[in-house]
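K.L.:
structural data only, the sequence is not supplied:
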């Protein structure tokens, strides 16, 4: 017990010391598109519900480097583009992976087929995610290192492209349950057979975790995705032809981080920002607000405007016959033991909008 407690303490010290500035390519920040809640993509292997995404979100092969053999980019041999999305309020990362290859190795029953290897570290805890590199060293056995550490704070997905006759992904870690629905979902479409050339579409979403233990989701902690924040994310695309290199290695490993160390070190990922919804996909003015009861005994409630657009005026109707024109008012209700309908009207040069909550504000 003492040994394990000390090891856990050592992990917290090391992980706590990791900062986001340890990410690779510090001068490059990629963007994750936010889907509006009424435009969440279907997982069907089609691309039509991704057409709304501006071109600047697309990450192509020009952003990748072959860390296996330093091959030059030849789009007649291999080409790829990736789009990443999210939905505010859902702790999911959505991916659209589109790839062309002049030789698809899809009949290998093991892992030596085309792989899209994704590593995600949403809370930027950083550091190694491999059991063999556990910071406790000899304090733990190899199995203890694996089941207490491998993929627990950052996850590595070996995604088969396509996943013919096998699971959607191999998890390089102690928690294969993270690939199972409702924690992940995937669908693929392609126009080729084994050994042929062609194009593949792989559409999927995954749930990132700050803590993903080996024994299942009951004690897991999902990463909370927050607008305008940075997460750690990268991928490596392992390209196999008809004859893998010695040891089953791929002919190429096209890597976004420009270092293959990213497969097992969360500090070697790239910075990805969770973007707001694009203005073109919103109304010019949208009313929204939230509230918090500061002191129930004094019936004191703080209201927070969350409206969108160029807004110059606010009018609050607190439901008790009183109003306010402040943006973020604090209001004292005189009467307890009731519920209130609260309405916010906002307006500006681009229009007006209204939003109400019915009986959400309850004063006892």
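P.N.:
Okay, I see it. Predicted, not measured: the structure shown is a model, and the values here were computed from it.

K.L.:
which residue ranges form the helices in the chain?
P.N.:
Using DSSP state H, the helices of the chain run over residues 2-17, 142-149.

K.L.:
among the ones you listed, which one carries the weakest average confidence?
P.N.:
Mean pLDDT across these is lowest at helix 2-17; the value there is a mean of 40.

K.L.:
which stretches of the stretch 1-150 of the chain have low pLDDT?
P.N.:
Residue ranges of the stretch 1-150 of the chain with pLDDT under 70: 1-21.

K.L.:
swap the cut-off to 80 and go again
P.N.:
Where the stretch 1-150 of the chain drops to pLDDT under 80, the residues are 1-22, 110-112.

K.L.:
which residue ranges of it form strands?
P.N.:
29-34, 59-60, 65-66, 78-87, 90-101, 115-121 (DSSP state E, counting those that start in this stretch).

K.L.:
the longest one to strand 115-121, inter-axis angle?
P.N.:
This points to strand 90-101. For strand 90-101 against strand 115-121, the angle by axes from the mean of the first three to the mean of the last three CA atoms, to 10 degrees is 150 degrees.

K.L.:
now strand 90-101: buried residues?
P.N.:
Neighbour counts over strand 90-101 (16 or more other CB atoms under 10 Å) mark 91-101 as buried. C-beta: built from backbone N, CA, C; applies to glycine.

K.L.:
and for stretch 196-211?
P.N.:
So stretch 196-211, judged by 16+ other CB under 10 Å, has buried residues 200-210.

K.L.:
also stretch 131-138?
P.N.:
131, 134-136.

K.L.:
measure it end to end?
P.N.:
Stretch 131-138 stretches 12 Å from its first residue to its last (CA to CA, to the nearest Å).

K.L.:
from the buried residues of strand 90-101, pick the one nearest residue 38.
P.N.:
Nearest to residue 38 among these: residue 94, at 15.0 Å, using CB to CB.

K.L.:
ok, the closest one to residue 117 distance?
P.N.:
18 Å (CB to CB, to the nearest Å).

K.L.:
again, but for residue 49
P.N.:
For residue 49, the distance to residue 117 - CB to CB - is 25 Å.

K.L.:
ok, residue 99 next?
P.N.:
Per CB to CB, residue 99 is found 13 Å from residue 117.

K.L.:
common neighbours of these two, please.
P.N.:
Common neighbours of residue 99 and residue 117 (criterion: CB atoms under 8 Å, 6 or more residues apart in numbering): residue 237.

K.L.:
how about the contacts made by residue 151?
P.N.:
With contacts defined as CB under 8 Å, 6+ apart, residue 151 is in contact with 129, 171-175, 212.
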